[in-house]
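Engineer: What follows is a predicted protein model with its sequence.
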Amino acid sequence: GVSCGDHTTISMSSHPWTRAAKQAMQMSKRKFKKPIIPLQRWDVIRGDQVVVVGDHKDSGKQGKVLEVIRKKNLVVVENVNLRHKRFPPTEDNPEGVFTKFPVPISHTKLSLIDPTDQLPCDVTYEKNSDGVNERISTRTGTVVPKPIFRRRDFEVRDEYKESVFDTKANVVSNETYKPSVLSFEENVLRGLEAEGK
């Protein structure tokens, strides 16, 4: 450390022209990303109609929620936050193709649409007469209905056609495990004794 009269003591691990000091300076200038803390409660679910709000290039656009990425607090909305991608030439398209596809957007840039006036709204939750939580618009007090859940792979389970790679129903229903209070070694010994008889 160096003391300069009445000034405070300045301590340096190494001189500024050394390699260690340069690395320390680079480390101090680095910007670290804040950790993403997933939301505990989501107001937006797949199938909802939302509008982009705030400072965004697509502000005011409405669309349907295609996917909710809960681990990263992101949402993919139909026809919002589009990116272009070029696919290389193929036999069908010798010139190649440009396509647009939506990329995730932060949940803070989205708001649910009030069904009465088609404007953005915040929601609270209240239990109805059946004891089910409903989303209520804080501005108008109307219920914002949740979309009907639809499977991505098939609509109805009966429509699914079994393939060669599926496990058959009769094999799944077979009981192959018989629980016992014996340890693994005792079970093996009993099995060997039964084979010896």
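Structural biologist: Yes, it's here. If you're wondering where the values come from, they're calculated on a predicted model, not measured in any experiment.
Engineer: for the chain, what spans make up the helices?
Structural biologist: Along the chain, the stretches classed as helices by DSSP state H are 19-29, 169-173, 184-196.
Engineer: Out of those, flag the one nearest residue 45.
Structural biologist: Closest of the helices of the chain to residue 45 is helix 169-173, at 31.0 Å (criterion: C-beta to C-beta). Where you see a C-beta, it was placed from the backbone N, CA and C, and this is true even at glycine.
Engineer: Just the buried residues of that closest one, please?
Structural biologist: By neighbour count with 16 or more other C-beta atoms under 10 Å, helix 169-173 contains no buried residues.
Engineer: name the helices or strands packed onto that helix?
Structural biologist: On a contact count with 3 or more C-beta pairs under 8 Å, 6 or more residues apart in numbering; DSSP states H and E, helix 169-173 meets no helix or strand.
Engineer: tell me the average confidence for that helix?
Structural biologist: Averaging pLDDT along helix 169-173 yields 87.
Engineer: ok, now stretch 143-155?
Structural biologist: 85.
Engineer: Stretch 90-97 now?
Structural biologist: On average, stretch 90-97 scores 86.
Engineer: How about stretch 23-39?
Structural biologist: On average, stretch 23-39 scores 83.
Engineer: Dig out what the spatially most central residue of the chain forms beta bridges with.
Structural biologist: Closest to where the C-alpha atoms of the chain average out (C-alpha atoms, centre = their mean) is residue 69, at 1.8 Å. In this entry, residue 69 is beta-bridged to residue 74, by DSSP bridges.
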